[in-house]
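Engineer: Let me see the structure of the following:
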Amino acid sequence: MAGLERIDVAAVLSEHPFVEEILARLHRAGHEAVLIGGVVRDGLQHRMGRPVCFPPDDVDIATSAVPDEIRALFPDRQIIGLGEEFGVLLIVAPAGKSYEVATFRVEGEYDGRWPGKVELVRNLAGDVQRRDLTVNGLAATADGEVIDLVGGVDDLRASRIVAIGDPGQRFAEDYLRMLRAIRFACQIDGRIDEATAAAIAAAAGSIRAISNERIGEEMLRILRLPRAASGLARMDELGLLEPILPELTACKGVPQPEAYHPEGDVFVHTLAAVCVADRFVRDPIVKLAVAVHDIGKPSALERSGGENMGGHCAIGARMARDVGRRLRLSRQDVFRLHYLVRHHMRIADFPAMGRGKQVRFVSEGERDAGRSPSERFPLFFQLLQVLVADCEASAHRSTGWAPILQETLDVVEHIDHVCGLRRAREIIDGHALMELGVEPGPRLGEILGALHDRILAGQITSRDDARAAARRLMDETHDGP
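Structural biologist: This is a model prediction of the structure:
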């Protein structure tokens, strides 16, 4: 592979100057020290002209020096014992960024999740052999020369994911490696070799031994990629999707009206929607929402006796919340996931809503003004992303989302004119109504909601107008039956 056995170290050091100091101190003390893992893999891909982020945000270093020796070489730097029993330290650079420096090690006595025994060694070969995939077993010297002891360069050039050594043994050591293999296949837009894929299929059910938190983290990494749909398809093909997202595999064979969904059943439609989302969605929670937006359809269809899927949004939202909690997402991300699934059909009615209700809808989750509309109204614009993916994966295509996007732009412009929901609350609130004689309770809420709708529609622009309108509403209520 002439011309591809080096990475651009100058670019790495330009972005991470402290790495040069780490390598230099270790070398001066007589220790071997190399760049390892992702920085080398992506450095080679960059040389191959592939679209990767290089230099990467993180750079890892492996060395023959043991933790005490490393500490002695950096008395002037803060050192964090991230996993010192495993030979892993974090050295904090003058600018504040930390770099992982790990002693070469071999591992043994695994339980399918973690090594029960770690032995620090002085040679790179032993360390590389315990890693998961050949494309991750590459190292590079301080001048960029690639050290390939496992055939990773050829596999990377062939866009091939291969386990190091016996794949069954590699995955039995840590079953999360099965998901990592799929992630890296998506990352390099490649394939998983037959023996490695067969080992994943044989052990797929064992992914249940891995904590939901670790699975959730790996799933989000897959969903961040622009090939997440192929990742979900590979997971399904190899038997990993059912133990992780059984709600999604339950959508297989669930029929849909061919007039609206000529692409196929709910599962086929969902993967097609994720494929669309891969083109423009970068937020993994939004991508996850696309992946689970229709998981309520099987239950809704069964509840209706096979007649329709009415109510699938509400059912799916509850299920999506359970998915988020199971994957150990943050409380805010669980809320977002629930919201996006719950309202993914409601947004289709957006053009028919009154202007006040439109403003309320757009303003849910509003952030401080002064940003772009998508940053100011993140929830609504994330919901638009789900809508676009959903429509483009069906017969609706742009006719389903383009009118809503145009209406949204008109509403945002209107919000800027009337100053939005916050301004409405400033003009009149519940305390003002109580001063006018409205008792606390449902009637107060109804009157306040009606007033805010008129303010948001631009029909009321001052406190005096709002109080006058409130009195009229109060009189109408008193005169009613």
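
Engineer: show me the contacts for Ala470.
Structural biologist: Applying Cβ atoms under 8 Å, 6 or more residues apart in numbering to Ala470 gives the contacts Ile428, Ala432, Leu433, Leu436, Val438, Ile447, Leu451. Every residue, glycine included, has its C-beta placed from N, CA and C.

Engineer: For the last one, grab the count of nearby residues.
Structural biologist: Meaning Leu451. Using other Cβ atoms under 10 Å, Leu451 has 25 neighbouring residues.

Engineer: okay, it: pLDDT?
Structural biologist: For Leu451, the pLDDT comes out at 80.

Engineer: A helix includes it, no?
Structural biologist: Yes - under DSSP: H, G, I helix; E, B strand; the rest coil, Leu451 sits within a helix.

Engineer: right, and it touches Arg425 too?
Structural biologist: No - using Cβ atoms under 8 Å, Leu451 is not in contact with Arg425, being 10.3 Å away.

Engineer: secondary structure class for the closest residue in space to Pro351 that isn't next to it in sequence?
Structural biologist: Closest residue to Pro351 apart from its sequence neighbours, by Cβ to Cβ, 6 or more residues apart in numbering: Glu407 at 4.7 Å. Secondary structure, three-state DSSP: Glu407 is helix.

Engineer: how near is Glu407 to Val146?
Structural biologist: Glu407 sits 54 Å away from Val146, going by Cβ to Cβ, to the nearest Å.

Engineer: Please identify which of these two sits among more neighbours.
Structural biologist: Val146 (22 against 16).

Engineer: So what sits opposite that one in the bridge?
Structural biologist: Taking DSSP bridges as the rule, Val146 bridges to Ala140.

Engineer: so it makes contact with Asp154?
Structural biologist: No - checked against Cβ under 8 Å, the pair Val146 and Asp154 is beyond contact range at 11.7 Å.

Engineer: Between these two, which contacts overlap?
Structural biologist: By Cβ under 8 Å, 6+ apart, no residue touches both Val146 and Asp154.

Engineer: Point out where the stretch 301-450 of the chain drops to low pLDDT.
Structural biologist: Low-confidence segments of the stretch 301-450 of the chain, defined by pLDDT under 70: 369-370, 417-424, 426.

Engineer: could you redo the last one with a cut-off of 90?
Structural biologist: 306-308, 354-360, 363-377, 409-450 (pLDDT under 90).

Engineer: and if you look at the stretch 151-300 of the chain?
Structural biologist: The model of the stretch 151-300 of the chain has pLDDT under 90 over residues 257-260.

Engineer: can you give me the strands for it?
Structural biologist: 160-161, 191-192 (DSSP state E, counting those that start in this stretch).

Engineer: want to throw the ones you listed into CSV with distance to Arg342 and mean neighbour count?
Structural biologist: Output for those, formatted as CSV (distance: least, Cβ to Cβ, whole Å; neighbours: other Cβ atoms under 10 Å):
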stretch, distance to Arg342, mean neighbour count
strand 160-161, 37, 24
strand 191-192, 36, 19
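
Engineer: how is this structure carved up into domains?
Structural biologist: Taking automatic domain parsing as the criterion, the chain consists of the domains 9-153, 159-244, 260-400, 420-479.

Engineer: Is it possible to get JSON lines of these that adds distance to Lys252?
Structural biologist: Output for those, formatted as JSON lines (distance: least, Cβ to Cβ, whole Å):
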{"stretch": "domain 9-153", "distance to Lys252": "28"}
{"stretch": "domain 159-244", "distance to Lys252": "9"}
{"stretch": "domain 260-400", "distance to Lys252": "4"}
{"stretch": "domain 420-479", "distance to Lys252": "42"}
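
Engineer: nearest to Glu413, of those domains?
Structural biologist: domain 260-400 (9.3 Å; Cβ to Cβ).

Engineer: ok, the closest residue to Glu364 other than its chain neighbours - how many residues close by?
Structural biologist: In this structure, Glu364 finds its nearest non-sequential neighbour in Leu379, 5.5 Å apart by Cβ to Cβ, 6+ apart. Leu379 has 19 neighbours, counted by other Cβ under 10 Å.

Engineer: Can you give the distance of stretch 334-351 from its chain's centre?
Structural biologist: For stretch 334-351, the distance from its own C-alpha centre to the chain's C-alpha centre is 18 Å (Cα atoms, centre = their mean, to the nearest Å).

Engineer: First residue to last residue on that stretch, what's the distance there?
Structural biologist: Its start and end residues considered, stretch 334-351 measures 28 Å (Cα to Cα, to the nearest Å).

Engineer: got it, and stretch 261-270?
Structural biologist: End-to-end for stretch 261-270, by Cα to Cα: 11 Å.

Engineer: Buried ones in it, by neighbour count?
Structural biologist: His261, Gly264, Val266, Phe267, Val268, His269, Thr270 (16 or more other Cβ atoms under 10 Å).

Engineer: How about stretch 290-310?
Structural biologist: Quick answer for stretch 290-310 (16+ other Cβ under 10 Å): 290-301, 303, 309.

Engineer: how long is that stretch end to end?
Structural biologist: End-to-end for stretch 290-310, by Cα to Cα: 19 Å.

Engineer: who's in contact with that stretch?
Structural biologist: Residues from elsewhere that reach stretch 290-310, judged by Cβ under 8 Å, 6+ apart: 223, 228, 232, 245, 247-248, 250-251, 254, 256, 266, 269-270, 273-274, 277, 281, 311-320, 323, 337, 340-341, 344, 385-386, 389-390.

Engineer: what about 7 Å?
Structural biologist: The set of residues external to stretch 290-310 that reach it, using Cβ atoms under 7 Å, 6 or more residues apart in numbering, is 232, 247-248, 250-251, 254, 266, 269-270, 273-274, 277, 311-313, 315-316, 319-320, 323, 341, 344, 386, 389-390.

Engineer: okay, stretch 457-475 in PDB with CA atoms only?
Structural biologist: Output of stretch 457-475 as PDB, limited to C-alpha atoms (Å, rounded to 0.1, in the frame of the first residue of the first chain):
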ATOM      1  CA  ALA A 457     -53.100  36.200  16.700                       C
ATOM      2  CA  GLY A 458     -52.300  40.000  16.900                       C
ATOM      3  CA  GLN A 459     -55.900  40.900  17.800                       C
ATOM      4  CA  ILE A 460     -55.000  42.300  21.200                       C
ATOM      5  CA  THR A 461     -51.900  44.400  21.600                       C
ATOM      6  CA  SER A 462     -52.100  46.200  25.000                       C
ATOM      7  CA  ARG A 463     -52.900  45.500  28.600                       C
ATOM      8  CA  ASP A 464     -56.000  47.800  28.400                       C
ATOM      9  CA  ASP A 465     -57.300  45.900  25.400                       C
ATOM     10  CA  ALA A 466     -56.700  42.600  27.200                       C
ATOM     11  CA  ARG A 467     -58.500  43.700  30.300                       C
ATOM     12  CA  ALA A 468     -61.500  45.000  28.300                       C
ATOM     13  CA  ALA A 469     -61.700  41.700  26.400                       C
ATOM     14  CA  ALA A 470     -61.500  39.800  29.700                       C
ATOM     15  CA  ARG A 471     -64.500  41.700  31.000                       C
ATOM     16  CA  ARG A 472     -66.500  40.900  27.900                       C
ATOM     17  CA  LEU A 473     -65.600  37.200  28.200                       C
ATOM     18  CA  MET A 474     -66.600  37.300  31.900                       C
ATOM     19  CA  ASP A 475     -70.000  38.900  30.900                       C
END
